[in-house]
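Participant: got a structure for you, letters missing:
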């Protein structure tokens with residue numbers, strides 16, 4: 001575990017976070033795992049901040065994953081707020097694909113990468129940095145079971161024995177599934193665990209009756225529930241009883257952060273502006289956001305039960321988030337994967 005811990009600590013440097021400081025000048029803040037890293041990165045940021053040299057940003061995102069800054073994706077106003085001429089929004093199907101795109105130089109900022117694929121990539125040697133928390137979503141990532149099985153907490157270990165479970169591998173859905181089954185006393189080695197290509201693939205297999213449990217994020221949860229499925233535990237129960245918190249992060253290639261700290265800061269500051277504008281009037285913005293996210297409507301993500309929440313920059317820099325808890329969560333997730341082989 002020594003290599004895992006060292007790489008996580010080295011990766012856990014936050015290049016830029018922004019807030020308004022009264023004279024409308026972005027204020028750069030940084031948090032890190034060590035004082036030495038803080039001093040070095042702060043110096044690098046100050047040296048590069050005078051000229052970002054960025055005309056365009058390439059931003060990775062998930063379709064059918066609506067976030068307030070997509071209001072500015074639709075009409076280009078987020079690019080203007082971030083101080084660039086263009087933002088090229090690039091959809092990806094998984095956090096792993098985002099990692100590959102960042103390593104290949106195709107993506108400057110991943111808005112909404114899962115914490116687990118980020119941690120796995122860094123532990124594998126990817127030179128990436130976390131710079132923020134995009135969205136918390138306890139209810140928007142879950143395991144849905146066929147109602148016909150009659151699963152309860154009391155009988156889960158018996159009823160789910162040997163059953164077929166579909167999930168993506170190496171992401172938050174996978175991690176939540178493993179912790180859920182351990183919490184319920186289900187023999188994980190006895191499960192038939194099938195790798196999912198996507199949430200849509202999971203929903204289709206669930207509807208066809210090919211799987212007993214489908215674990216995924218996004219609109220596929222609603223699809224599975226609509227096809228006679230139900231969550232085994234709610235997202236809130238996973239947080240309070242199992243201790244698993246679910247959120248996506250904002251990540252970048254380390255080199256991009258070092259070379260263009262001002263561009264990163266401006267993007268985070270602009271995103272916060274759109275988060276606040278949406279919170280003040282979600283009804284008027286949700287239709288535009290849905291279109292940008294390739295959805296008919298925002299569903300429970302930004303309406304109804306309101307599955308999504310967006311911590312402020314001040315909250316992100318607190319101990320509850322990037323000041324300590326996020327690092328602990330990454331370590332815990334990777335230890336679980338190691339422990340379970």
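Facilitator: Perfect, thanks for sending it. On a predicted model such as this, the values are computed, not experimentally measured, just so you know.
Participant: Quick check: buried residues in the helix or strand hosting residue 165?
Facilitator: Assigned by DSSP states H and E, residue 165 belongs to strand 164-167. By neighbour count on 16 or more other CB atoms under 10 Å, the buried set for strand 164-167 is 165, 166, 167. All C-beta spots, glycine's among them, are computed from the backbone N, C-alpha and C.
Participant: pLDDT score assigned to the last one?
Facilitator: Okay, so that is residue 167. Listed pLDDT for residue 167 reads 95.
Participant: how far away is it from residue 176?
Facilitator: 9 Å (CB to CB, to the nearest Å).
Participant: The first one now?
Facilitator: According to CB to CB, residue 165 stands 12 Å off from residue 176.
Participant: tell me, what's touching those two both at once?
Facilitator: Residues touching both residue 165 and residue 176 by CB atoms under 8 Å, 6 or more residues apart in numbering: 143, 215.
Participant: ok, what's across the strand from residue 146?
Facilitator: Following DSSP bridges, residue 146 is listed with bridge partners residue 229.
Participant: Can you give me the pLDDT of it?
Facilitator: Predicted confidence (pLDDT) for residue 146: 98.
Participant: Distance of it relative to residue 205?
Facilitator: 11 Å.
Participant: Over to residue 263?
Facilitator: Counting by CB to CB - residue 263 and residue 205 are separated by 41 Å.
Participant: Give me the more crowded residue out of the two.
Facilitator: residue 263 (26 against 18; other CB atoms under 10 Å).
Participant: the bottom helix or strand of this structure by mean pLDDT?
Facilitator: Using mean pLDDT, DSSP states H and E, the weakest-scoring helix or strand in the chain turns out to be strand 29-31, at a mean of 31.
Participant: Name the single longest strand found in the chain.
Facilitator: strand 128-136 (DSSP state E).
Participant: And that one, what does it pack against?
Facilitator: Applying 3 or more CB pairs under 8 Å, 6 or more residues apart in numbering; DSSP states H and E, we find strand 128-136 packed against helix 2-11, strand 14-17, strand 109-114, helix 115-123, strand 247-253, helix 254-259, helix 261-280, helix 313-316.
Participant: Swap in 6 Å and give it another go.
Facilitator: For strand 128-136, the packing partners by 3 or more CB pairs under 6 Å, 6 or more residues apart in numbering; DSSP states H and E come out as strand 14-17, strand 247-253.
Participant: which stretch in those strands is the model least sure about?
Facilitator: strand 14-17 - the lowest mean pLDDT of the helices and strands packed on strand 128-136, at a mean of 40.
Participant: Show me what counts as buried in the next helix or strand after the strand holding residue 165.
Facilitator: Counting by DSSP H and E, the element after strand 164-167 in chain order, helix or strand, is helix 172-184. By neighbour count on 16+ other CB under 10 Å, the buried set for helix 172-184 is 172, 173, 174, 175, 176, 177, 178, 179, 180, 181, 183, 184.
Participant: Could you report the distance from the first one to residue 180?
Facilitator: For residue 172, the distance to residue 180 equals 12 Å [CB to CB].
Participant: ok, for residue 225, nearest residue in space, not its chain neighbours?
Facilitator: Once flanking residues are discounted, residue 225 sits nearest to residue 144: 6.2 Å by CB to CB, 6 or more residues apart in numbering.
Participant: How about residue 170?
Facilitator: residue 120 (5.2 Å).
Participant: what pLDDT does that neighbour get?
Facilitator: For residue 120, pLDDT reads 88.
Participant: burial count for it?
Facilitator: 23.
Participant: Touching, it and residue 168? I think so.
Facilitator: No. Using CB atoms under 6 Å, residue 120 makes no contact with residue 168, being 11.8 Å away.
Participant: Having no further points to raise, I will conclude here.
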